[in-house]
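J.: Sequence and computational prediction follow.
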Amino acid sequence: MPVSIFNFGVKKMSWRGKMFAYLTIFFNFLLFFSYLAFLSDPTKNSGIALLGLAYPIIFLINLILFLVWFFKRNIFFFPTLIILILGMYHHSRFLQINPKKHESISYNEKIKVMSFNVRLFDLYNWTNNEEIKSKIIQLIKKQEPDIVCFQEYYYDNKKEFITREIILKELGMEYYHESFTDESNKNSLFGLATFSKFPIINTGDLEFKNDHSNHCMWSDIVCESDTLRIYNTHLGSIRFNNSDYKIIGGKGSPLWPNQKIPKQDIYNRLKIGFAKRAQQIIELIPALENSPYKRILCSDLNDTPISYAYNQFSNLFTDSFTKSGFGIGGTYIGKIPFLRIDYIWHEKNLDSFNFKTHQSELSDHKAISVEIMLR
């Protein structure tokens, strides 16, 4: 920021005005460095990664500061405006104002894909609402997707909490692929699942070395006259505990009567999560590149569009929200606004329309869907 501009802006200010000017400079720098999280490896600099996570709040503060200086008719608004303009690429990953819709398609070469972290279909009744599982199914049924990818999927072999059979019946889907992280307990199974109206001809999965509860699976699906490889992945969970969720919001694990209140440790959990995802991406990228078919990736990334993890995927795919989303793309339900951590990506040479973030709060994530053209 040129010193001459700063001097011109604060030369005749009161001490309170000068303090406000210094505060503006401070938040200008925070916003600028938050942009760098996109390129900065969090295993080498977790501080930048944390600024990237705080980007929505830092952005809003800078926007307010810009408006204050602007309506004061003080030229000091100009540096903040420059910083905001420099981040237009990042802003467009959180907010879209030019929806791309396509209501009439003259051919059948399109599919509707949906992705949803269902938080185990509210298995433990965290919301005190035993109808959540049914409402999730009805939400999906109303959207009529051709393919649905679930993260934090749960299946009960004892048939006390059935999911697979209900999904197949209610959604009219004949084909499915499930991948569970721990099958030692044959009755209670946790993991990922992809359901499809089209035939699944081949499957595979990748278990991450640093956390076996997070992994990736893929399903080769014959859609119309083409074959797609649908990746479904859940990366590096942060593992917040009950005390952490009281600070950040969201629907964390409940405390049972015999449990002690755990220690709050948000910073270290975030730091570990950033490093965990960076390592998982190193393992995942070769699997994503090694596909004989056109690719679609549904993911709970546990990271925002200003992160290092997002940047690695954006080198390979198109983020469908940026093609046809509208409004604020936030998918995580908590106290921090605009946290977008769920994505549907597709090949750069494919097109997509009618991206939607579904506002129903049936999990701690919102469902997302998009129509993808196969030609």
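T.: The structure has been received and is ready for your questions. Numbers count the residues shown, from 1 in each chain.
J.: can we go C-alpha only for contacts and neighbour counts from here?
T.: Noted.
J.: per-domain residue ranges of the chain.
T.: The chain breaks down by automatic domain parsing into domains covering 3-86, 110-373.
J.: okay, residue 125: pLDDT?
T.: For residue 125, the model assigns a pLDDT of 77.
J.: For residue 131, see how far away it is.
T.: 9 Å (CA to CA, to the nearest Å).
J.: Same check on residue 29?
T.: Distance from residue 29 to residue 131, by CA to CA: 47 Å.
J.: Repeat that for residue 294.
T.: For residue 294, the distance to residue 131 equals 37 Å [CA to CA].
J.: Also residue 139?
T.: 12 Å.
J.: buried set for stretch 145-160?
T.: Residues 145, 146, 147, 148, 149, 150, 151, 152, 153, 154, 155 are the ones in stretch 145-160 that count as buried (16 or more other CA atoms under 10 Å).
J.: same thing with stretch 56-66?
T.: Within stretch 56-66, the residues scored as buried using 16+ other CA under 10 Å are 56, 57, 58, 59, 61, 62, 65, 66.
J.: now do stretch 88-104
T.: Under 16+ other CA under 10 Å, the buried positions of stretch 88-104 are 90, 91, 92, 93, 94, 95, 96, 99, 100.
J.: Save these as JSON lines, and put in distance to residue 269 too.
T.: Formatted as JSON lines, the buried residues of stretch 88-104 follow (distance: CA to CA, whole Å):
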{"residue": "90", "distance to residue 269": "25"}
{"residue": "91", "distance to residue 269": "26"}
{"residue": "92", "distance to residue 269": "28"}
{"residue": "93", "distance to residue 269": "25"}
{"residue": "94", "distance to residue 269": "24"}
{"residue": "95", "distance to residue 269": "27"}
{"residue": "96", "distance to residue 269": "31"}
{"residue": "99", "distance to residue 269": "36"}
{"residue": "100", "distance to residue 269": "38"}
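J.: now, among these, which is nearest to residue 38?
T.: Taking CA to CA as the measure, residue 38 lies nearest residue 90 of these, at 8.8 Å.
J.: Just give the nearest non-adjacent residue to that closest one, would you?
T.: residue 306 (6.2 Å; CA to CA, 6 or more residues apart in numbering).
J.: May I ask you to confirm that that neighbour is in contact with residue 35?
T.: Yes: in this structure, residue 306 is within contact of residue 35 by CA atoms under 8 Å, at 6.7 Å.
J.: Low-confidence bits of the stretch 201-350 of the chain, can you list those?
T.: Along the stretch 201-350 of the chain, the model assigns pLDDT under 70 to residues 238-265.
J.: Where do the strands of it begin and end?
T.: 215-223, 226-234, 294-300, 317-319, 327-328, 342-347 (DSSP state E, counting those that start in this stretch).
J.: quick one: contacts of the helix or strand containing residue 142?
T.: With elements delineated by DSSP states H and E, residue 142 resides in helix 132-143, which encompasses its position. Here helix 132-143 makes contact (CA atoms under 8 Å, 6 or more residues apart in numbering) with 118, 121, 122, 167, 170, 171, 362.
J.: residues near the fourth one, how many?
T.: Okay, so that is residue 167. 19 (other CA atoms under 10 Å).
J.: Look at it and give its secondary structure.
T.: helix (DSSP: H, G, I helix; E, B strand; the rest coil).
J.: tell me the angle the longest helix seen in the chain makes with strand 226-234.
T.: For the chain, the longest helix by residue count, based on DSSP state H, is helix 266-289. Put simply, helix 266-289 runs at 160 degrees to strand 226-234, going by axes from the mean of the first three to the mean of the last three CA atoms, to 10 degrees.
J.: what helices or strands is helix 266-289 leaning on?
T.: helix 46-53, helix 308-314 (3 or more CA pairs under 8 Å, 6 or more residues apart in numbering; DSSP states H and E).
J.: Between its first and last residues, how far does stretch 355-368 reach?
T.: Stretch 355-368 has an end-to-end distance of 7 Å (criterion: CA to CA).
J.: let's number from 3 now, not from 1
T.: With 3 as the first residue, the last one maps to stretch 357-370.
J.: centre of the chain versus it, how much separation?
T.: Distance of stretch 357-370 from its chain centroid, counting by CA atoms, centre = their mean, to the nearest Å, is 11 Å.
J.: Kindly report the same for stretch 210-224.
T.: Worked out by CA atoms, centre = their mean, stretch 210-224 lies 17 Å from the chain centre.
J.: now stretch 333-344
T.: That offset, for stretch 333-344, works out to 8 Å (CA atoms, centre = their mean).
J.: Going by neighbour count, list what's buried in it.
T.: For stretch 333-344, by 16+ other CA under 10 Å, it's 333, 334, 335, 336, 338, 340, 341, 342, 343, 344.
J.: from those, which two are the most distant?
T.: 338 and 344 (15.2 Å).
J.: quick one: the spatially closest residue to residue 198 that is not a sequence neighbour from residue 118, how far?
T.: Nearest residue to residue 198, sequence neighbours excluded (CA to CA, 6+ apart): residue 149, at 4.5 Å. Distance of residue 149 to residue 118, computed by CA to CA: 11 Å.
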